[in-house]
Every structure is written in structure tokens, then in C-alpha cells.
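Trainee: Dropping a prediction and its sequence here:
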Amino acid sequence: MVWSVGEKGAYELLAELLEREKGIEALPRILRQRGGKPYFEDYGNLHFSLSHSGSLSLCTLGEAPVGADIELVRPRSKGLPRYALSDKEYGWYLEGGERWEDFYTLWTLKEARVKCTGEGIFGQAPRRISVPLLRSGEMALWEGFSFTALAGENWRGAVCLKNL
């Protein structure tokens, strides 16, 4: 699995990754599965995921299902962490000083997981989406997936790969 983050459009990042990593010079035709997960029509063994927030985009590419999410860090409703996080995650968030950076790390891990599976975040309680407790830059194997937590000055992101 490879990933790229930058101040470019998500599809532009994807095209760059495809050329650099796979020698594919033009962005292949993209279709969507029933749940909305995108895939390449002519490259069934090549998986990708895209995300954007503000001017930033994140793209990941792999040979197994992948998911990616990026979010700009900004304060939200005070009740959001209690709503979105499991009891264990919420305890970790409180112990860390209730930092929005930590909330967004967990949130992007959750989003990356459901993008990887194709389930999507809507239609299920976010607190029921299980993810590892990671700090920025950490990696973990968790329930059949490989997770990586990413970070920049004002953003948090995550990528997820289904272990085959």
C-alpha cells in the first residue's frame, strides 16, 4: 500500500501515484460499486481510496482493499466525541486531554476502515466502528486490517488496508 497527501485534487494525486508506482500513464476509467466505493474498470486487482478536506487531499493505492480519510483539525460540538467514540476510545480521548487532534485521529481511522470495507460511515453508529488507539505516525494490525495514523500541522488522516 502506498499513499500520498498534498494540496492537489484527489484524482490528480491518484494519477501521480498510478504513474509512479504502476507505470499507468493515464487515469483509468472509474466506476462505483453498489455502495459507492470507487474502482477501476480495467484493473480489478488494483484498489484505491480518496479523501479531501479543505485544500488537502489524501489518496491510497494497494493490491487489496484500501481506505483513506483526511480531516482538517477544527473544534466541533463538545458532544461529538462522546457520540462518535466507543467507551474505550472516549476514555483514551479524555486521558489525552480532550484534544481535537486525538479525536480526528480516531475519526479518520474509523472513516478509513469503512471506506476500505465499502460500508461507508452513514447508516451505522460511529462508536460501533472498532479501530486501534493510535497516535500520529503509529501503525497497528487490528481485526484483519492494517491501520496507519497520519498527521500534519493542522490535519489528521488515516489509511487502512484489508489483510488478505
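Mentor: In hand now; what should we look at?

Trainee: Give me the phi and psi angles of Tyr93.
Mentor: phi -60, psi -50 (degrees, to the nearest 10).

Trainee: mind checking pLDDT for it?
Mentor: Predicted confidence (pLDDT) for Tyr93: 97.

Trainee: Was I right to think it contacts Leu85?
Mentor: Yes - judged on C-beta atoms under 8 Å, Tyr93 makes contact with Leu85 at a distance of 6.0 Å. From N, CA and C alone the C-beta is placed, and that goes for glycine too.

Trainee: Check the contact lists of those two and give me the overlap.
Mentor: 103, 106 (C-beta atoms under 8 Å, 6 or more residues apart in numbering).

Trainee: so for the lengthiest helix in the chain, what's the average pLDDT?
Mentor: For the chain, the helix with the greatest residue count under DSSP state H is helix 100-117. For helix 100-117, the mean pLDDT works out to 97.

Trainee: same question, stretch 75-83
Mentor: pLDDT averaged over stretch 75-83 gives 96.

Trainee: try stretch 39-56
Mentor: On average, stretch 39-56 scores 96.

Trainee: again with stretch 7-21
Mentor: 96.

Trainee: Please work out which residues outside that stretch touch it.
Mentor: Residues contacting stretch 7-21 (C-beta under 8 Å, 6+ apart): 2-6, 24-28, 48, 50-52, 55-59, 61.

Trainee: Just the buried residues of these.
Mentor: Buried members of the contacts of stretch 7-21, counted by 16 or more other C-beta atoms under 10 Å: 3-5, 24, 28, 48, 50-52, 56-59, 61.
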